[in-house]
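*Asks:* Got a sequence here, can you build the structure:
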Amino acid sequence: MRLDLLLNKLCLTKTRSVAKKACDKGLLLVNGKAAKASQEIKALDLIHMKLYGFAWELRITQVPTGNVAKKDAGDYYELISREAWTED
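*Replies:* As a prediction, the model looks like this:
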């Protein structure tokens, strides 16, 4: 599944376009490398993102096949860390 679509389905971004813009600005890394919005994400990929005033690090445990209910979104990833972040 595409990175921008995955972040939107798992309620980690408000919209898919927010995820795309974050990729364009270099705020998203997948497995330590700069990510494009169209990058395919697999289970066990490590995502690091700087959004909404926080630096997030999470591991995808499984990739959803369809739509995900907001209450179930946390079942698809493991939050490793979340720290306050401000742009320099």
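
*Asks:* make it CA atoms for all contacts and neighbour counts henceforth
*Replies:* Will do.

*Asks:* ok, how many other residues are close to G74?
*Replies:* For G74, the number of neighbouring residues by other CA atoms under 10 Å comes to 16.

*Asks:* G66 too?
*Replies:* Neighbouring residues of G66 were enumerated by other CA under 10 Å; the total is 7.

*Asks:* for the one 10 residues further on, same thing?
*Replies:* Using other CA under 10 Å as the criterion, Y76 is surrounded by 16 other residues.

*Asks:* Quick check, it in contact with N67.
*Replies:* No - at 11.9 Å, Y76 and N67 do not qualify as touching, with contact defined as CA atoms under 8 Å.

*Asks:* pLDDT (mean, whole number) over the longest helix along the chain?
*Replies:* Secondary structure of the chain per DSSP state H: the longest helix is helix 16-24. Over the span of helix 16-24, the pLDDT mean works out to 94.

*Asks:* Return the residues in contact with A22.
*Replies:* L28, L51 (CA atoms under 8 Å, 6 or more residues apart in numbering).

*Asks:* Would you mind measuring from it to A34?
*Replies:* Distance of A22 to A34, given as CA to CA, to the nearest Å: 11 Å.

*Asks:* If you count neighbours, what's buried in stretch 70-79?
*Replies:* The neighbour-count check on stretch 70-79 (16 or more other CA atoms under 10 Å) flags A73, G74, Y76, Y77 as buried.

*Asks:* Same check on stretch 26-44?
*Replies:* Neighbour-count burial for stretch 26-44, counted by 16+ other CA under 10 Å, picks out L27, L28, L29, V30, A35, K36, A37, I41.
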